[in-house]
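J.: predicted model and sequence follow; I will ask about them next.
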Amino acid sequence: MDITNRGARVNLAFGNLEPGSKVTMDIRGRTHAAQVVWNTEGTAGLQFEETLPIDTLAAINRSMHRAAQGPKRRFLMN
């Protein structure tokens, strides 16, 4: 998923979202209304009705960055 304060590109596990459809996204425990702008081959572009607060966006980006890095590994050297 790619996300900005104005919208998101999401991967669809199944089904299809028609452009113009209204959807909601649960982000960090809050529901955000959005409209489907485009879709193609399992991916859809959403535009939020209200811009996301910057602190919400920052928290999402931090958690996505941690997930991309994977678990931290520690190495012991003798």
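T.: Here it is on my side, so go on. Numbers count the residues shown, from 1 in each chain.
J.: contacts and neighbour counts: CA atoms only from here.
T.: OK.
J.: next structured bit after the longest strand belonging to the chain?
T.: Determined from DSSP state E, the single longest strand within the chain is strand 30-40. Using DSSP states H and E, the helix or strand that follows strand 30-40 in sequence is strand 43-48.
J.: quickly run through the sheet partners of that following strand, with directions.
T.: For strand 43-48, the paired strands and their directions (DSSP bridges) read strand 7-11 (antiparallel), strand 30-40 (antiparallel).
J.: buried sites along the last one?
T.: Read that as strand 30-40. 34-39 (16 or more other CA atoms under 10 Å).
J.: average pLDDT across it?
T.: Here strand 30-40 scores 93 as its mean pLDDT.
J.: same check on the first one?
T.: Within the predicted structure, the mean pLDDT of strand 7-11 is 92.
J.: now the angle between strand 30-40 and the helix or strand that comes right after it, please.
T.: Next helix or strand after strand 7-11 toward the C-terminus (DSSP H and E): strand 22-27. On the basis of axes from the mean of the first three to the mean of the last three CA atoms, to 10 degrees, strand 22-27 is oriented at 120 degrees to strand 30-40.
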